[in-house]
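A.B. asks: sequence plus the predicted model coming up.
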Amino acid sequence: MQARQVKVEFVGLLPTFFNMCAPCCTMDYVKRCGIDHEAEQLGEYPPEVIETQGKAAELYARLMRDFGERVLPIAVGLTSPRGLWLSLRHRLSRDLNLVINGHRVLNGDADYKSLSR
């Protein structure tokens with residue numbers, strides 16, 4: 001019997017990247033031409049949002065490395081309907097928060113060991 005995936009929602013002010021290509025494309029031709037549209041878009045955000053993005057990316061990579069398919073990470077923008085609902089329900093701060101399986105809430109700065117339990 002396969003174990004159920006643990007859903008980890010990353011809730012915060014997370015940048016949204018607008019790609020110039022359909023999601024089905026496998027190669028970023030714009031980047032091959034020397035244009036880094038992701039870096040340009042990040043430059044438009046305030047430093048605290050960029051910091052939150054960095055924390056989320058680092059935590060995501062670590063969770064995927066340590067737990068692989070046993071975890072289902074989902075990015076939830078704080079200003080989205082789901083993000084608003086989660087922030088009201090759990091009284092989340094505007095920093096990075098992790099909502100685990102819809103119930104357990106941790107701050108994005110929490111010790112990794114408390115997250116991995």
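C.D. replies: Received it, and whenever you're ready, just let me know what you need.

A.B. asks: so E9 sits against V76, correct?
C.D. replies: Yes: under the contact definition of CB atoms under 8 Å, E9 touches V76, with a separation of 4.9 Å. To be clear about C-beta, it is placed using only N, CA and C from the backbone, and glycine gets the same treatment.

A.B. asks: lowest confidence element among the helices and strands of the protein?
C.D. replies: For the chain, scoring each helix and strand by mean pLDDT, DSSP states H and E identifies helix 29-32 as the least confident one, at a mean of 56.

A.B. asks: what is the burial count for A57?
C.D. replies: By the criterion of other CB atoms under 10 Å, A57 has 13 neighbours.

A.B. asks: so how far is S93 from it?
C.D. replies: In this structure, A57 and S93 are 19 Å apart, going by CB to CB, to the nearest Å.

A.B. asks: repeat for R82
C.D. replies: According to CB to CB, R82 stands 17 Å off from S93.
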